[in-house]
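Student: Below is the sequence, then the predicted model.
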Amino acid sequence: FYKSAQSAGIKPIAGADVLMTQPEELQNPYPMTLFVQNAQGYRTLSRLLSKAFRENQHQGQPQIRAEWLEEENQGLIALSGPRQGQIARQVLAGNLEEARRIASHWQSIFGDRFYLEIQRTRRPQEESWIAGAVDISASLGIPLVATNECFFADEGMYAAHDALICIAEKSFVSMHNRRRLTPEHRFKSAAEMEALFAD
């Protein structure tokens, strides 16, 4: 796969969306994305994921403890997580200084391998998080990275995917209080992403 992707001009990047926990908040995990830079990073990520599966599962979900990542992060690139992330939660709660403190903490651990993650998928509070992320980025010099949660190939697959969510969660399409995505959760081209984040 890797060689065929490279020959097509695509550079595959290995990584994982992970759930993180703080010792004092085991019931309130937050997402981060970890990418590998090199072979060392692949080994680091493999050890962290294995440890999470063996030692820190909550309701069937493996979670990486923050202190593990603080101690072992060689060869990894970290994204802060979008609006559900640890830093974004503080921004959305009106605690910009605490958000800045947390961002500075992760920056001190990862250096130039830490990025603030922003998304535009037409979901609530995204723009508030983006404004906070821009502020933190400017004050601490942490780069922004625009990502897009991708669950299906194109907008025409949205309705089918929405029905699959309902089947998996034993709900109905007509229900309002259920997990749902938007048509924006499709695979977007580089040009689409550039246009979406032109500002």
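Tutor: Arrived safely, thanks for sending. Residues are numbered from 1 along each chain as shown.
Student: what's the lengthiest helix in the chain packed up against?
Tutor: Identified as the longest helix of the chain according to DSSP state H is helix 39-55. Using 3 or more CB pairs under 8 Å, 6 or more residues apart in numbering; DSSP states H and E, the elements in contact with helix 39-55 are strand 15-21, strand 30-36, strand 61-62, strand 64-65, helix 66-71, strand 76-79. Every residue, glycine included, has its C-beta placed from N, CA and C.
Student: buried sites along that helix?
Tutor: Gly41, Thr44, Leu45, Leu48, Ala52 (16 or more other CB atoms under 10 Å).
Student: was I right about the third one contacting Gln37?
Tutor: No: look at Leu45 against Gln37 with CB atoms under 8 Å: they stay out of range, at 10.2 Å.
Student: Identify the residues contacting Phe35.
Tutor: Ile13, Ala14, Gly15, Gly41, Leu76, Ile77, Ala78, Leu79 (CB atoms under 8 Å, 6 or more residues apart in numbering).
Student: export the helices and strands packed on helix 39-55 to TSV and tack on distance to Glu98 and mean pLDDT?
Tutor: Formatted as TSV, the helices and strands packed on helix 39-55 follow (distance: least, CB to CB, whole Å; pLDDT from 0 to 100):
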stretch	distance to Glu98	mean pLDDT
strand 15-21	16	96
strand 30-36	14	97
strand 61-62	25	93
strand 64-65	20	96
helix 66-71	15	97
strand 76-79	19	98
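Student: Nearest to Ile167, out of those?
Tutor: Set against Ile167 and scored by CB to CB, the helices and strands packed on helix 39-55 come closest in strand 61-62, at 20.5 Å.
Student: Not counting its neighbours along the chain, what's nearest the residue most central in space within the chain?
Tutor: Closest residue to the average C-alpha location of the chain: Gly81 at 3.6 Å, with CA atoms, centre = their mean. Leaving aside its chain neighbours, Gly81 sits nearest to Pro31 (4.3 Å; criterion: CB to CB, 6 or more residues apart in numbering).
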